[in-house]
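Sequence plus predicted model, see below.
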Amino acid sequence: MADRDLMDQEEIHSKVLRAGRRTYFFDVRSTKAGDYYLTITESKKFTHDDGTFHYKKHKIYLYKEDFTAFKENVEEMMDFIINEKGLEVISERHQKDFKKEEEVSSIQEPTSPENFTDVSFDDI
């Protein structure tokens, strides 16, 4: 019986997505009744000062009866993010020239009238 339980936990189909320090595992597994479900695991690598490391893992179990609602919610949230912020990644980690708003405002020179070119509309 233990062998059968072990077989139920074996992956039927798997896919890995590596994303920097994070790795995402998408695994199709089988229930005891022989139906399939999906597990999504996020594994994140943490390095200690002495050079050793460990992984923190978070897992989601997703069953067929929840697929439609889950997919709709994920698509809605991703569409919202893209519509609000676009596809460009904005972060210190991903962009070497990224500057925080307070850094940008402290770097910019204050605007004063002598910084602008005088324009006379009489010349037009």
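Arrived safely, thanks for sending.

For the rest of this, base every contact and every neighbour count on C-alpha atoms.
Noted.

which residues are in contact with the strand or helix carrying Phe67?
For Phe67, the host element (DSSP states H and E) is helix 67-85. For helix 67-85, there are no surrounding residues in contact (CA atoms under 8 Å, 6 or more residues apart in numbering).

Name the residues of it that come out as buried.
Of the residues in helix 67-85, none is buried by neighbour count under the rule 16 or more other CA atoms under 10 Å.

for that helix, what is the average pLDDT?
Averaging pLDDT along helix 67-85 gives 97.

Model confidence for Glu10, exactly?
For Glu10, the pLDDT comes out at 69.

And the residue nearest to Glu11 when sequence neighbours are not counted, how far from Lys57?
What sits nearest to Glu11 in space, not counting adjacent residues and going by CA to CA, 6 or more residues apart in numbering, is Arg29, at 4.9 Å. Distance of Arg29 to Lys57, computed by CA to CA, to the nearest Å: 18 Å.

do the same with Ile40
Distance of Ile40 to Lys57, given as CA to CA: 10 Å.

Of those two, which one has the most company?
The residue with more neighbours, out of Ile40 and Lys57, is Ile40; 18 against 13, by other CA atoms under 10 Å.

Helices of the chain, residue ranges please.
2-9, 67-85, 101-107 (DSSP state H).
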